[in-house]
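Peer 1: A predicted structure for the sequence below; I have some questions about it.
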Amino acid sequence: MIQIYSAGSYVEAEMIKSILGNSNIYCELWDEHAGSMFPPATFSRGIRVMVREKDSEKAKNLIEH
């Protein structure tokens, strides 16, 4: 799995996950619970959007557009 995006909020990360899922791209959110334990953690690293390496280019294009 590789990171293709760093979301600033859980809502943003879930929206991206939904967009990718609708295009049949498997996606995982890493660090999505870090902000609930220590809120500044979300702002420093963000919520990492991870996909399989083979889907990374397609996923990046979907997010950009």
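Peer 2: Everything's here; your move. Residues are numbered from 1 along each chain as shown.

Peer 1: Next one: the residue nearest the centre of the chain from V11, what distance?
Peer 2: Within the chain, the residue whose C-alpha comes closest to the C-alpha centroid is V49; the distance, by C-alpha atoms, centre = their mean, is 2.0 Å. Between V49 and V11 the distance, using C-beta to C-beta, to the nearest Å, works out to 13 Å. (C-beta placed from N, C-alpha, C; glycine too.)

Peer 1: isn't the residue nearest to the centre of the chain right next to M15, touching?
Peer 2: No: contact criterion C-beta atoms under 8 Å: V49 and M15 do not qualify, at 10.3 Å.

Peer 1: Just the helices from the chain, written as ranges.
Peer 2: In the chain, helices defined by DSSP state H lie at 10-22, 34-37, 40-45, 56-64, listed in chain order.

Peer 1: Just give the closest residue to Y5, not the sequence neighbours.
Peer 2: Of all residues beyond its chain neighbours, the one nearest Y5 is V49 (4.1 Å), with distances taken as C-beta to C-beta, 6 or more residues apart in numbering.
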